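# The following block contains a protein sequence and its predicted model.
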Amino acid sequence: MLTYNKKNLGVGLASFASLAILAFPVIGASAATDSADADISASLGSVISISATDPSSINVTPISGGAQSSANGTVTVSTNNIDGYNLTISDSDTTLDSGSDSIPASSGSATAPVALVNNTWGYRIDNSNGFGSDDSSTPLDNAVSSSLTYAGVTASPVEIKNTGAPVASDVTNVSYSVRADSNQASGSYTGQVTYTAATN
Amino acid sequence: MIKSAKGILLSISAIAMLAAAISTTPVSAAENTSPEITLSPAKTTLPYKLSVDSTYDESFKLINSGQSKATIQITATPYSVQDAAYTPDYSKYNTYNQLSRWISFPKSTYTLEPGEDVSVKYQIKTPASMPDGDQYAMLMASMSSDRPNQSGNKVQTKSRVGIKLLAHTNGETDENVTVDLPDIPAVVIGNKHDIHLDFHNDGNVDYNSEYTVRVTGVVNKRELLNKSNTTQVLPDTTRSLSISWMILQNIGLYRVDITASTTAGVVTTTKNVLALTPLGLIALVLLVIIIIVIILRMVIKPRQKRSKLRRPT
């Protein structure tokens, strides 16, 4: 008799729990709210703006197995365009050059970035495209190895941000890294990337 | 008396130490002194149609909205898209972006002090023969970074911001826009569901399609999603849009209504969808198992009772 009651109690509790889960909304889900609209008419001109800070010098002391350093820059965009903006990155020649010597861009892409191999350079934007959430805010300083993944800058623009709404001072942090071994000729290698912002 | 004097002294010392601590707290970030370029309007459509062998004078506003002096280059580039996600391209030419070749600037370099603005004039001189349909261009303002000499490897940046310029021409127009509405499944499992719309423009002019995606509870009539927008579809392109519907109830029956305007008229699709979160699916399966167990017990128990009664004592 007692066993029978326990079974009933168990079945009852399980049924109650199932019904409760089904009946109640997902935890953390926001509820819809009623609102009243008031029509106010105004006309504002549309604007879009951009500013950027360069990364500082990326100093690498190459060793036979390779060493990697990085530096961070930012690009800031504001627009009151109702559909927001898109931001792309590109580089017409994709290499860092020092006289006749050059460091090619990484073979990784924004959707499939890779760890830098020796004598390549690349960029990463944490939490964007396929870069993942690894934190690159602390620059690397001649690191022997790094799990951070990078993409090579390409001649065709690659979208690094797209907002669907107006934004004010929307900052995108871009980390640049160079990895080199002792086969790479010494010198100051430079390159120029282009950030382009336009409305959607 | 002495005790209270000590207390006052201690309080003063504590306040003084706190004030000293606050005053010596380092400033967390330096003020951003980078130049900033602002363009207005952010995008524009010429209010007239371009004719062959004609000249049109236009302008836009360029502002140095940053904190330092800036030297800004003005150029016109083609505008097209690389894919259905509308990733922009500013270098490849096609039939619909010849406009940048027809634009010239009387002055293309401006040095502006912080806060200074100018009206940048440009001229469109159309050729004797123009392609039919719409024309697109980007009016670009760019500035290169101007860092002091540094040793080591350097990645310099060029910041560029553009005005998307659309011009209609006097040529023959062909409007032909269709849309692929999604085949929504009857059962959706997950915490969100993406609804995809693909717009195809096989014509030679720009088309702005108005679309609405609405998700409403069948039982409580509560609106979970009501997204109405207009999307621009360029000639000879496909534009894919993805609209996310967050599933807020563990189980629910919803009505999904999608409408989109095309050149052939408005197309609509409606479907009732059972939406379950993973937790809702588990609970539903559990509930079905419990119901089956209860039914089985209701069937088996009377049989056992009957067989007990039949058994000879």
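Received it, and whenever you're ready, just let me know what you need.

# If we ignore the residues flanking it in sequence, what's nearest the residue of the stretch 151-300 of chain B found nearest chain A?
In the stretch 151-300 of chain B, the residue that lies nearest chain A is B:Gly152 (3.3 Å; Cβ to the nearest Cβ). No exception for glycine: its C-beta is placed from N, CA and C like everyone else's. Nearest non-adjacent residue to B:Gly152, counting by Cβ to Cβ, 6 or more residues apart in numbering or on different chains: A:Ser57, 3.3 Å away.

# For chain A, which segments count as helices?
Using DSSP state H, the helices of chain A run over A:2-23.

# Chain B: helices as residue ranges?
According to DSSP H, the helices that chain B contains are B:2-24, B:99-102, B:278-310.

# close to chain A, is the shortest one?
No. Looking at helix B:99-102 against chain A by Cβ under 8 Å from any Cβ of the partner chain, there are no contacts, and the closest approach is 13.7 Å.

# and what of stretch B:215-229?
Yes. Using Cβ under 8 Å from any Cβ, stretch B:215-229 reaches chain A at B:222-224.

# Lowest mean pLDDT across the helices of chain B, which one is that?
For the helices of chain B, mean pLDDT drops lowest on helix B:2-24, to a mean of 44.

# quick one: the strands in chain A?
Assigned by DSSP state E, chain A shows strands spanning A:48-53, A:67-79, A:85-90, A:96-98, A:101-103, A:120-124, A:158-162, A:167-180, A:190-199.

# Which among the ones you listed is found nearest to B:Ser91?
strand A:85-90 (8.7 Å; Cβ to Cβ).

# Now that closest one - C-alpha only, PDB.
Coordinates of each C-alpha in strand A:85-90 appear next as PDB, following Å, rounded to 0.1, in the frame of the first residue of the first chain:
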ATOM      1  CA  TYR A  85      26.700  50.800 -41.200                       C
ATOM      2  CA  ASN A  86      29.200  48.300 -42.400                       C
ATOM      3  CA  LEU A  87      33.000  48.400 -41.900                       C
ATOM      4  CA  THR A  88      35.500  46.600 -44.100                       C
ATOM      5  CA  ILE A  89      39.200  46.000 -44.000                       C
ATOM      6  CA  SER A  90      41.500  45.600 -47.000                       C
END
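
# That strand close to chain B?
Yes. Using Cβ under 8 Å from any Cβ, strand A:85-90 reaches chain B at A:86, A:88.

# what's next to that strand, contact-wise?
A:48, A:75, A:77, A:79, A:123, A:153-163, A:167, A:170, A:172, A:174, A:193-200, B:87-88 (Cβ atoms under 8 Å, 6 or more residues apart in numbering or on different chains).

# tell me the mean pLDDT over that strand?
Summarised as a single mean, pLDDT over strand A:85-90 is 96.

# what's the angle from it to strand A:190-199?
160 degrees (axes from the mean of the first three to the mean of the last three Cα atoms, to 10 degrees).

# partners of strand A:85-90, with directions?
Paired strands of strand A:85-90, with direction, are strand A:158-162 (antiparallel), strand A:190-199 (antiparallel) (DSSP bridges).

# Of those, which stretch is the most buried?
strand A:190-199 (a mean of 23; mean count of other Cβ atoms under 10 Å in any protein chain shown).

# Quick one: mean pLDDT over that strand.
94.

# go on, stretch B:38-55?
Rounded mean pLDDT across stretch B:38-55 is 95.

# again, but for stretch B:234-248
90.

# now it: how far from the chain's centre is it?
When distances are taken as Cα atoms, centre = their mean, to the nearest Å, stretch B:234-248 is centred 10 Å away from the chain's centroid.

# ok, how many other residues are close to the residue of the stretch 151-300 of chain B closest to chain A?
16 (other Cβ atoms under 10 Å in any protein chain shown).

# That one and A:Ala71, how far apart?
Separation of B:Gly152 from A:Ala71 (Cβ to Cβ, to the nearest Å) stands at 9 Å.

# shared neighbours of those two, which are they?
Contact criterion Cβ under 8 Å, 6+ apart; residues shared by B:Gly152 and A:Ala71: A:57-58.

# Report pLDDT for the residue nearest the centre of chain A.
With distances taken as Cα atoms, centre = their mean, A:Ser128 lies nearest the centre of chain A, 2.7 Å away. A:Ser128 is assigned 89 on the pLDDT scale.

# A:Ala110 is in contact with that one, correct?
Yes. Shown here, A:Ser128 and A:Ala110 form a contact pair, counting by Cβ atoms under 8 Å, at 7.4 Å.

# so what sits against both of the two?
With Cβ under 8 Å, 6+ apart, A:Ser128 and A:Ala110 have common neighbours A:Ile160.

# before we move on, the earlier item: okay, now the residue nearest to B:Gly152: neighbour count?
17.

# repeat for A:Ala185
Counted with other Cβ under 10 Å, the neighbours of A:Ala185 add up to 15.

# tell me the contacts of the closest residue to it other than its chain neighbours?
Closest residue to A:Ala185 apart from its sequence neighbours, by Cβ to Cβ, 6+ apart: A:Asp101 at 4.5 Å. Going by Cβ under 8 Å, 6+ apart, A:Asp101 touches A:184-185, A:187, A:189.

# Counting residues, which strand of chain B comes out longest?
Longest strand in chain B, counting by DSSP E: strand B:154-169.

# relative to strand A:167-180, how tilted is that one?
With the same axes, to 10 degrees defining the directions, strand B:154-169 sits at 130 degrees from strand A:167-180.

# Would you mind listing the residues in contact with the nearest residue to A:Val193 once chain neighbours are set aside?
Among residues not flanking A:Val193 along the chain, A:Asp91 sits closest, at 4.7 Å (Cβ to Cβ, 6+ apart). Neighbouring residues of A:Asp91 by Cβ under 8 Å, 6+ apart: A:105, A:153-155, A:191-194.

# ok, stretch B:194-201 near chain A or not?
No. Stretch B:194-201 stays out of contact with chain A when judged by Cβ under 8 Å from any Cβ, the minimum separation being 14.3 Å.

# Tally up the residues packed near A:Ile58, please.
So A:Ile58, with other Cβ under 10 Å, has 24 neighbours.

# Would you mind naming what in the stretch 51-200 of chain B lies close to chain A?
Residues of the stretch 51-200 of chain B lying close to chain A by Cβ under 8 Å from any Cβ are B:63, B:65-66, B:82, B:85-91, B:138, B:140, B:142, B:144-145, B:147, B:150-164, B:191.

# ugh, wrong one, the stretch 201-313 of chain B
So the stretch 201-313 of chain B meets chain A at B:222-224, B:246-251, B:277, B:279-280, B:282-284, B:286-287, B:290, B:293-294 (Cβ under 8 Å from any Cβ).

# still on that earlier bit, which one of the residues of stretch B:215-229 next to chain A is nearest B:Ala186?
Nearest to B:Ala186 among the residues of stretch B:215-229 next to chain A, counting by Cβ to Cβ, is B:Leu224 at 17.3 Å.

# B:Leu248 is in contact with the closest one, correct?
Yes. Between B:Leu224 and B:Leu248 a contact is recorded at 6.5 Å, counting by Cβ under 8 Å.

# For B:Arg214, give me its contacts.
B:223, B:225-227, B:256-258.

# what do you get for A:Asn183?
Applying Cβ under 8 Å, 6+ apart, the residues contacting A:Asn183 are A:62, A:118-119.

# Please repeat the previous calculation with a cut-off of 10 Å.
Residues near A:Asn183 by Cβ atoms under 10 Å, 6 or more residues apart in numbering or on different chains: A:62, A:64, A:66, A:118-119.
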